[in-house]
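J.: model this:
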Amino acid sequence: MHTVEIVLLLLTLGALSGLAGRFMRAVPLPLVQIAVGAAVSIPQSGLHIAFDPELFLALFIPPLLFADGRRIPKREFFQLHRPILTMALALVFFTVLGLGWFVHWMIPAMPLPVAFALAAVVSPTDAVAVSAITRGLGMPATLEHVLEGESLLNDASGLVALKFAVAATLTGAFSLREAGTSFVVIALGGVAVGVALGWGFGWLRKALSRHLRDIGPQTTMLLLMLPFAAYILAEHFGVSGILSAVAAGMTLNVSDLERGEYVHERIQSQAAWGMIENTFNGSIFLLLGLQLPTVLGGHWLEAGSAGGRWRLVGYVAAISVVLLGLRWLWVTLAVRRQLWLAQLRGRPLEFEPTPRIAGIAALSGIRGAITLAGALSVPLALPDGSPFPARDLLVFLATGVILFTLAAGAIGLPLLLRNFPQVEDLQAREERMARGIAAQAALDRLEAIEAPSAPDLETPQAEAIARVATEYRRRVETSKAEIGDEADGISDSQRLQRIESELRLAALRAERAALYKLRMGNRINDTTLRALVQDVDLAEVALRRRMKALRRE
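T.: Below is the predicted model of the structure:
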């Protein structure tokens, strides 16, 4: 099958599986898509796609991590940087060491460096699968932010650990000091490249906006290419392309805070990214499903007897249990430390640290496409031409761990999150506060328009100001009301409505400016800002359309 046909088929299957997932809400969408991919590839004449790990990492991962970097609340990310970094870095290396020794002990035929390579392959988590499983189940906000931040960074640390484990297998030598130094250089270099590109794009977009109008489609297209540029450039310099894409997204998010007035550009980019994320997420799990029969079937048949096959199943189950157990142990110790620090400082935690929290965090360690890409990137042969030791077994076990953790998360997380004690949603509280402040800013703007000429106001203008101001006063009192609808009119009433529309437009701009000011002051986070600004943007687009209709009349 030609490449174009494969791409079109994947896109079609992604859309169809997404629709199927709407009718199968009890089953997480990633599992549905994996099952669809496996079903399509199982028959002898089914679809079989050669999986190129380097192409996969360059094509699918950068835009998804870039989008996550732009979307993750920066305030919470930096507030929770310690637990995020410990889970993204220290937990990865703890997992590599602990699981690597266990695998070598359980399977003596697998050399220790190869066992470490397997442990490195299964160390990164898959945030897409976790969010798909836990959506709407009431995951504690703080824990959700930590898991999001962990998944943004641990892909890089896991792949770097894999690189050195493979190098140790190929050369027979390993230097901890050299590995540590290289990791720091690779990580910081990737972050530096991403920050530089993100800042450069933001500066260029700002400069172009000062001299040109209506450049939204062009800047949106350049924005879609930015994560690929960040990844490819970083890999060219020998640093982490994954961290580069994440850093570029986070840097550009800061630049976006200064572009509150570019409504159409923001709406266009949000729509484009929504489509890209849905398409790529679906394609990733479909590709994973397409590889399963080939990856699992070959080694399963080679096992020969039923005893050998059950032994493989036992290996997968044991590795998965130990993997999740190490994560549970790490989180338990971290939770105990957080509780001790909270008591020491006299600060209450958002939720009471319990074994249930540790269990949720442990089962959230679902493995996904990065794990499969890492496993398949292991070389086929050693420098002398001999086969890479136990490579087929490594790929089989890594794939089995993906399925085991997906199933464990799909079953266990809903059970642990059921009837979970809820605290007041910080985002909802911030949203109510921000709506009230934005409405007050709009009211202040109306009063500023009214003040200079209050004695001489014409009746239509005074009436328009009174109507709009009354609405905003009601919103200030409740902090919950929706943005009011615009009215139409003709003749004298038409003049009134034109004046009212201009006032509404000024009020919406004041609302938006107030929301961005709240974000710049860290009084609300990026998620709250994005939700509220979208309301204001859509209201302004609708208002401008009605204003054009009034002008034509």
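
J.: alpha carbons only for contacts and neighbour counts from here, please
T.: Fine.

J.: the one residue sitting closest to the centre of the chain: what's it in contact with?
T.: The residue lying closest to the centre of the chain (C-alpha atoms, centre = their mean) is Asp68, at 3.1 Å. Each residue near Asp68 by C-alpha atoms under 8 Å, 6 or more residues apart in numbering is listed here: Leu152, Val246, Gly249.

J.: check which element follows whichever strand or helix holds Ile84 along the chain.
T.: Assigned by DSSP states H and E, Ile84 falls within helix 81-85. Next helix or strand after helix 81-85 toward the C-terminus (DSSP H and E): helix 91-106.

J.: mean confidence score for that next one?
T.: Averaging the model's pLDDT scores along helix 91-106 yields 92.

J.: and the next helix or strand past it?
T.: helix 112-121.

J.: now that following helix against helix 91-106, angle please.
T.: 140 degrees (axes from the mean of the first three to the mean of the last three C-alpha atoms, to 10 degrees).

J.: could you give the number of residues near the closest residue to Leu170 other than its chain neighbours?
T.: Distances taken as C-alpha to C-alpha, 6 or more residues apart in numbering put Leu382 closest to Leu170, at 5.7 Å, once the chain neighbours are dropped. The criterion is other C-alpha atoms under 10 Å. On that basis, Leu382 has 14 neighbouring residues.

J.: got it, and Lys206?
T.: Using other C-alpha under 10 Å as the criterion, the residues surrounding Lys206 number 15.

J.: circling back to that earlier point, just how off-centre is the helix holding Ile84 within its chain?
T.: When distances are taken as C-alpha atoms, centre = their mean, to the nearest Å, helix 81-85 is centred 17 Å away from the chain's centroid.

J.: is it correct that the residue nearest to Leu170 is in contact with Phe388?
T.: Yes. Using C-alpha atoms under 8 Å, Leu382 makes contact with Phe388 at a distance of 5.4 Å.

J.: ok, back up a step: which of the residues in the helix holding Ile84 are classified as buried?
T.: Pro83, Ile84, Leu85 (16 or more other C-alpha atoms under 10 Å).

J.: contacts only, for the second one.
T.: Translated: Ile84. Contacts of Ile84 by C-alpha under 8 Å, 6+ apart are Phe77, Val146, Leu147, Gly149, Glu150.

J.: pull the helix or strand with minimum mean pLDDT from the chain.
T.: Every helix and strand in the chain was compared by mean pLDDT, DSSP states H and E; the lowest is helix 459-478, with a mean of 68.

J.: where does Ile242 land on pLDDT?
T.: Value for Ile242, per-residue pLDDT: 88.

J.: where's it, which helix or strand?
T.: helix 241-256.

J.: which parts of that helix are buried?
T.: Buried, per 16+ other C-alpha under 10 Å, within helix 241-256: 241-255.

J.: what does stretch 113-132 give?
T.: Buried, per 16+ other C-alpha under 10 Å, within stretch 113-132: 113-131.

J.: how about the helices in the stretch 351-500 of the chain?
T.: 355-363, 369-376, 391-417, 426-450, 459-478, 491-520 (DSSP state H, counting those that start in this stretch).

J.: tell me who's in contact with Leu363.
T.: Applying C-alpha under 8 Å, 6+ apart, we find Leu363 in contact with Leu324, Thr405, Ala408, Gly409, Gly412, Leu413.
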